[in-house]
Every structure is written in structure tokens, then in C-alpha cells.
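Asker: How does the following fold in three dimensions:
(one chain, ligands or ions: 1)
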Amino acid sequence: MKKRIAVLISGSGSNLQAIIDHIVAGKINGEIVLVLSNKVGAFGLERAQQAGIPTQVLQHTDYQSRLAFDQAVLNAIDKQRVDLVILAGFMRILTEEFVSHFSGRMLNIHPSLLPKYKGLDTHQRAIDAGDRAHGCSVHFVTPELDGGPVALQAIVPICSADSLDSLQQKVHVREHIAYPKVVAWFCANKLLWRDNNLYLNGELLPTNGFQLLFDAVE
Ligand code: GRF
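Answerer: Numbering: from 1, shown residues only. I've put the predicted structure just below:
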């Protein structure tokens with residue numbers, strides 16, 4: 001059975017596009033049944049419409065509290081009987097109630113090698129720290145911000161010639177490989193979260209997840 005997927009966005013939706021493309025190519029046993037944005041005019045909405053996917057906008061500014069907004073989003077998702085919620089550039093801090101409701105069936109992508117650089121400005125922070133490697137992490141969402149168990153990390157080298165822009169771009173391209181991969185695992189029931197551990201095809205994953213390495217010289 002195909003998994004029913006909801007994708008939450010706030011912006012460009014290039015990760016959404018990568019997932020759509022993988023579904024169209026038959027690489028993900030799933031169907032996106034809802035793309036929800038908290039921003040009117042988010043380009044990701046257009047991408048969804050182009051692909052014939054139902055969209056919905058719920059603006060957080062229309063709600064009196066964080067809890068009320070989250071409840072409205074939760075209701076919209078539940079109405080679609082969703083198996084998996086994908087956060088793809090959804091720029092909202094979610095309440096514990098929302099996160100608990102979707103525990104074990106909500107994924108996020110974060111542009112750093114977690115547990116390094118939770119929060120914002122991850123690329124600049126990696127450069128400032130003099131790191132040799134950077135990347136992105138796909139993880140299950142828990143109430144701790146960017147703190148849930150990591151399924152996969154895509155790692156890129158930081159070269160001396162890298163600027164903030166070039167590094168951001170390199171990581172972004174890897175995100176489009178990393179996220180669909182984990183979504184495909186989930187939809188094929190290959191990824192299991194049990195007792196704080198993740199298993200891929202029955203094998204225990206390391207705490208930093210499956211490691212996707214990219215060439216040192218580009
Ligand atoms: C990505 O950089 C992702 O790591 C972060 O939000 C951004 C979303 O980009 N969580 P896009 O909207 O998918 O292009």
C-alpha cells in the first residue's frame with residue numbers, strides 16, 4: 001500500500017520537488033496527498049499545483065496562539081489520513097502536542113551534521129568554526145528542536161575556496177538526494193524507530209545515521 005504523505009513548507013520547496021520527482025520516477029512507494037504552507041505565495045505551492053497535488057494555506061498570523069495554529073494544521077493533516085508528515089523548509093517551531101501526535105511518522109531535514117549547529121545560520125557557523133566537513137541530516141522529529149534520531153547524513157567537504165553561498169548550494173543539492181532516500185526507506189517499511197534506536201533493514205543505524213559521503217575534490 002502506498003503511504004499517504006503530507007508535506008509542510010514555507011518557501012521555495014526544492015526538497016518537495018525532489019520528493020515529487022522521486023515519486024513520479026517510481027522510487028518512492030507513496031503519494032503526496034497534501035502540501036500545506038503557512039505562507040501565501042510560497043513557490044512550493046506552485047510546484048505542488050503543477051504536479052496536481054492538493055494545497056492548503058494556513059497562516060499562523062490568523063491564529064491567536066501557537067497551539068491554536070498547530071491544532072489547525074494537525075486537523076488538516078489528519079483529515080487526509082496521513083502516514084508520513086514531511087517538514088521541508090517549514091519555518092515554524094512546533095508545539096510538543098503537535099510533535100507527539102505525529103511521533104514516529106514525521107521527518108525533517110536540517111542543513112548541518114547534527115548534533116552540530118541546531119537552529120539557524122548553520123553554513124556560516126560551520127565555516128566560522130573552521131570545519132572541514134558539513135552537510136545535512138534527515139531525522140525524525142521530537143520535541144527537542146533538531147534533536148530527533150538521525151536516519152541519514154549527507155556529508156560534503158568544506159574547501160578553502162568555499163563561500164557561504166557555494167557551501168549552501170552544495171549542501172542544498174545533497175539535500176535533494178538525501179531526503180527522498182529516507183522517504184523511500186520509510187515508505188518501504190525499511191526504517192524502524194524502536195527504543196530510541198533506528199534500524200534500517202533490521203540493522204541498527206549509528207547515532208549519526210547512514211552516512212552518504214561525497215568526493216573530497218569537486
Ligand atoms: C533547506 O535548506 C532545509 O535544510 C531547511 O529548509 C530549507 C528548505 O529549502 N530545513 P527548500 O524550500 O526545500 O528549497
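
Asker: Contacts made by stretch 160-172 with the rest, please.
Answerer: For stretch 160-172, the external contacting residues (CB atoms under 8 Å, 6 or more residues apart in numbering) are 14, 111, 123-124, 126-127, 134-136, 154, 156, 158, 218. Backbone N, C-alpha and C define where each C-beta goes, glycine included.

Asker: let's see it at 7 Å
Answerer: The list of residues contacting stretch 160-172 from outside it, by CB atoms under 7 Å, 6 or more residues apart in numbering, reads 14, 111, 123-124, 127, 134-136, 156, 158.

Asker: tell me the mean pLDDT for the strand or helix carrying N75?
Answerer: Secondary-structure assignment from DSSP states H and E places N75 in helix 66-79. Averaged over helix 66-79, pLDDT sits at 98.

Asker: Model confidence score at N196, please.
Answerer: 88.

Asker: Of the contacts of stretch 160-172, which belong to strands?
Answerer: 134-136, 156 (DSSP state E).

Asker: Pull the number of nearby residues for Y199.
Answerer: 13 (other CB atoms under 10 Å).

Asker: Likewise for K118?
Answerer: 13.

Asker: now for the helix holding N75, which elements pack on it?
Answerer: strand 30-37, helix 96-101 (3 or more CB pairs under 7 Å, 6 or more residues apart in numbering; DSSP states H and E).

Asker: Pick the most deeply packed of those.
Answerer: Stretch with highest mean neighbour count among these: strand 30-37 (a mean of 22; mean count of other CB atoms under 10 Å).

Asker: ok, residues contacting stretch 8-15?
Answerer: Under the contact criterion CB under 7 Å, 6+ apart, stretch 8-15 has outside partners 16, 35-39, 42-44, 47, 85, 87-91, 109, 172, 175-176, 179.

Asker: what distance separates the start and the end of it?
Answerer: Start-to-end span of stretch 8-15 (CA to CA, to the nearest Å) is 11 Å.

Asker: again, but for stretch 104-123
Answerer: For stretch 104-123, the first-to-last residue distance is 28 Å (CA to CA).

Asker: Get me the contact residues on the chain for the ligand.
Answerer: 11-15, 88-89, 109-111, 136, 172, 175 (CB under 6 Å from any ligand atom).

Asker: where does I86 fall, helix, sheet strand or coil?
Answerer: strand (DSSP: H, G, I helix; E, B strand; the rest coil).
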